[in-house]
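Undergrad: Based on what follows, work out the 3D shape:
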Amino acid sequence: MRNIQCSWVKEGPKLAQMLLASGVNDLGGTLINESISTSAGAGHGQLVPPRELRRLVRDLGRIPAQRSTTYGILKLYADGHDDDTSPLDAVENPDEQFGSYRRLTASGQFRFAQAKPRGSARSATAPAGAGSRLGEVSEAPQPPVRGGVTTTP
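TA: Residues are numbered from 1 along each chain as shown. As a prediction, the model looks like this:
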């Protein structure tokens, strides 16, 4: 295998850094409105800014690189300077800006609710409790960010 990715979302940035020192060569990328790992109990959020991911790599004496989804190197950060800034580096509260899966699941807004019977009599063919409605999403979900941070030896 040429590339092994650790998930800072599941492991946290510090353990992900330890995994980089143990043979892993990819940190993954920044996730927007991540819900899979969060719903499974991961507690490390959805954003480690790109600049911070590169710092984690450099602190191990490795060279960070931006990669494509298919692991092609898009940009090497070999010079040690980090003039490349991403709008994600300026995000102060990712849950506020991108949404929070934990907040969404705690909200009653999107839960099934018992439908109110029409008129005074229930239909003879509808079982008790039949009918439910689902809240509507007010904003379109953000598209995922493609690619991630990989390293070179």
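
Undergrad: what are the ranges of the strands in the protein?
TA: Along the chain, counting by DSSP state E, strands occupy 26-28, 63-67, 73-76, 113-114, 132-133, 148-152.

Undergrad: Kindly report which one of these carries the lowest mean pLDDT.
TA: The minimum mean pLDDT among those belongs to strand 132-133 (a mean of 38).

Undergrad: Okay, now the unreliable bits of the protein?
TA: For the chain, the stretches flagged by pLDDT under 70 are 32-33, 80-82, 110-113, 119-153.

Undergrad: could you show me where the helices are in it, in order?
TA: Counting by DSSP state H, one finds helices in the chain at the ranges 8-11, 13-20, 36-39, 50-58, 94-98, 101-106.

Undergrad: angle of the fourth one against helix 13-20?
TA: With axes from the mean of the first three to the mean of the last three Cα atoms, to 10 degrees applied, the angle from helix 50-58 to helix 13-20 works out at 40 degrees.

Undergrad: quick thing: my sequence starts at 3, can you match it?
TA: All set: I'll call the first residue 3, so the last point we hit is now helix 52-60.

Undergrad: For helix 52-60, list every residue counted as buried.
TA: 52-56, 58-59 (16 or more other Cβ atoms under 10 Å). C-beta here means a position set from N, CA and C on the backbone, and glycine is covered the same way.

Undergrad: same check, this time on the fifth one
TA: Counting neighbours by 16+ other Cβ under 10 Å, one finds that the buried residues in helix 96-100 are 96, 100.

Undergrad: now do the second one
TA: By neighbour count, and taking 16+ other Cβ under 10 Å as the criterion, the buried residues in helix 15-22 are 15, 18-19, 21-22.

Undergrad: Just the CA atoms of that helix, as PDB, please.
TA: Provided in PDB are the C-alpha atoms of helix 15-22 (Å, rounded to 0.1, in the frame of the first residue of the first chain):
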ATOM      1  CA  PRO A  15      -4.900  15.500  16.100                       C
ATOM      2  CA  LYS A  16      -2.400  14.300  18.700                       C
ATOM      3  CA  LEU A  17      -3.000  10.600  18.100                       C
ATOM      4  CA  ALA A  18      -3.100  11.200  14.400                       C
ATOM      5  CA  GLN A  19       0.400  12.800  14.700                       C
ATOM      6  CA  MET A  20       1.600   9.800  16.600                       C
ATOM      7  CA  LEU A  21       0.200   7.500  13.800                       C
ATOM      8  CA  LEU A  22       2.200   9.600  11.300                       C
END
